[in-house]
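In: Requesting a structural model of the entry that follows:
(chains A, B, C and D)
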2 protein chains.
Amino acid sequence: MPTHYQGSPVAKRALDVYIKLDRAAGAVSSRINAHLADYSLTVSQFGVLEALYHLGHLRQKDLAQKILKSTGNITLVIDNLVKRNLVTRKRDKRDRRAIYIHLTEAGKALIDNIFPKHVAIVEAEMNVLSPAEQDELARLCRKLGLQQA
Amino acid sequence: MPTHYQGSPVAKRALDVYIKLDRAAGAVSSRINAHLADYSLTVSQFGVLEALYHLGHLRQKDLAQKILKSTGNITLVIDNLVKRNLVTRKRDKRDRRAIYIHLTEAGKALIDNIFPKHVAIVEAEMNVLSPAEQDELARLCRKLGLQQA
DNA sequence: TCAAATCAATTCAATGTTAAACTAAATTGG
DNA sequence: CCAATTTAGTTTAACATTGAATTGATTTGA
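Out: As a prediction, the model looks like this:
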């Protein structure tokens, strides 16, 4: 997807890298997340289940930070997971503003089932690159992402 | 954002790279697109204007492919741009199923104004990496993105 | 102490997004 | 030629997403 912009070489390179980064991330994510449709899970719902699976119960605020969504959105995502009995809400006794989200047994069973498949798909995608290339990509992404422009 | 998954080293590396790629692309895109709010443009709307700016008039089908959205979505995006008189629809005489989208004078003026700023922002983001690093990132993204898993 | 500020979650309005069903036009191949 | 298929765009239903306003709870500092 080359850019057609007639600018300085520096600008053209920057635009080209940006577009390639965006396209690659989009293509990879869409391939990796395609199997979630088998479980009628959205990417956000899966992100919540995965975070709870690995980190234990979390407040909605923490979940919002984990999956990079607004707190308003998290309310809806949790609502939909609660409807399917995959998570439950428990008001924090110490700080009654906050609500902890817990995986139910059904939620635990579901993510237990999905996660190994998810890992296999991610591995298959990423193993197109050699281990050294993967490390280099991770390094470049870290450098780019941490930037605050 | 390290993963907490206790899997094989190969799996852990793959998950780590995938997450970093996703986060970096998201962070960079959100910083780059932030200025679009100044013009009340969404990313999709900007994508359409930019494609028309550089490639000339295009059919809705082509625009959908360019910005990686469904044709149903393009109908809405174009509707909203038409409302603001930034583009016009012109039925193709040869193939009456198709509609060509053209930039209006106002649309041309707007993208003329925005695009140089956009390029400057992309340059500033990407120049955190050296030219060699940018080329390497582009290469790795191409390799990853072209994969069909 | 207590008023002001901050914070977690919810609600609402506006918009985006997709998939699927649909319309109308063009193409294909028997 | 014409029936079947394909194609471009629209519509609809369902849901996602955000930002702003709101509610209720906690913290802060004068």
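In: For DNA strand C, tell me whether stretch A:58-72 is touching it.
Out: Yes - on the criterion C-beta under 7 Å from any atom of the strand, stretch A:58-72 is in touch with DNA strand C at A:Arg59, A:Gln60, A:Lys61, A:Ala64, A:Thr71, A:Gly72. All C-beta spots, glycine's among them, are computed from the backbone N, C-alpha and C.
In: Now list the buried members of those.
Out: Listed as buried from those are A:Arg59, A:Gln60, A:Ala64; burial here means 16 or more other C-beta atoms under 10 Å in any protein chain shown.
In: what angle do the longest helix along chain A and helix B:9-33 make?
Out: When chain A is scanned for its longest helix (criterion: DSSP state H), the result is helix A:9-33. Per axes from the mean of the first three to the mean of the last three C-alpha atoms, to 10 degrees, the angle that helix A:9-33 makes with helix B:9-33 is 130 degrees.
In: near chain B, anything from helix A:9-33?
Out: Yes - on the criterion C-beta under 8 Å from any C-beta of the partner chain, helix A:9-33 is in touch with chain B at A:10-11, A:13-18, A:20-29, A:31-32.
In: So which elements touch that helix?
Out: Helix A:9-33 sits against helix A:43-55, helix A:105-126, helix B:9-33, helix B:105-126, helix B:131-146, with contacts defined as 3 or more C-beta pairs under 8 Å, 6 or more residues apart in numbering or on different chains; DSSP states H and E.
In: 7 Å - rerun?
Out: If contacts are counted by 3 or more C-beta pairs under 7 Å, 6 or more residues apart in numbering or on different chains; DSSP states H and E, helix A:9-33 sits against helix A:105-126, helix B:9-33, helix B:105-126, helix B:131-146.
In: The residues of stretch A:58-72 next to DNA strand C in helices, which ones?
Out: Under the assignment DSSP H, the residues of stretch A:58-72 next to DNA strand C contribute A:Gln60, A:Lys61, A:Ala64, A:Thr71, A:Gly72 to helices.
In: Let me see the confidence value for the third one.
Out: I take that to be A:Ala64. Per-residue confidence (pLDDT) for A:Ala64: 94.
In: again, but for the second one
Out: Reading off the confidence values, A:Lys61 has pLDDT 94.
In: correct me, but it touches A:Ser70?
Out: No - with contacts defined as C-beta atoms under 7 Å, A:Lys61 does not count as touching A:Ser70, sitting 10.9 Å away.
In: neighbours around A:Ala51, how many?
Out: Residues contacting A:Ala51 under the criterion other C-beta atoms under 10 Å in any protein chain shown number 20.
In: now it, nearest residue through space, not along the chain?
Out: Excluding its sequence neighbours, the residue lying closest to A:Ala51 (C-beta to C-beta, 6 or more residues apart in numbering or on different chains) is A:Lys66, at 4.6 Å.
In: Now do the SS call for A:Leu36.
Out: For A:Leu36, the assignment made with DSSP: H, G, I helix; E, B strand; the rest coil gives helix.
In: The residue nearest to it when sequence neighbours are not counted: neighbouring residues, count only.
Out: Leaving aside its chain neighbours, A:Leu36 sits nearest to A:Phe46 (5.3 Å; criterion: C-beta to C-beta, 6+ apart). The tally of other residues near A:Phe46 (other C-beta under 10 Å) stands at 20.
In: about what we covered before: so the residue nearest to A:Ala51 versus A:Asn113, what's the distance?
Out: Distance of A:Lys66 to A:Asn113, computed by C-beta to C-beta, to the nearest Å: 21 Å.
In: okay, these two: which has more neighbours?
Out: Applying other C-beta under 10 Å to A:Lys66 and A:Asn113 shows that A:Lys66 carries more neighbours, namely 18 against 10.
In: Where does that one fall, secondary structure wise?
Out: For A:Lys66, the element it lies in under DSSP states H and E is helix A:60-67.
In: pLDDT weak spots in chain A?
Out: Chain A contains residues with pLDDT under 70 at A:1-6, A:147-149.
In: Would you mind naming what in it lies close to DNA strand D?
Out: Residues of chain A lying near DNA strand D (C-beta under 7 Å from any atom of the strand): A:42-45, A:68-70, A:72-73, A:76-77, A:80, A:94-97.
In: Great, nothing more from me.
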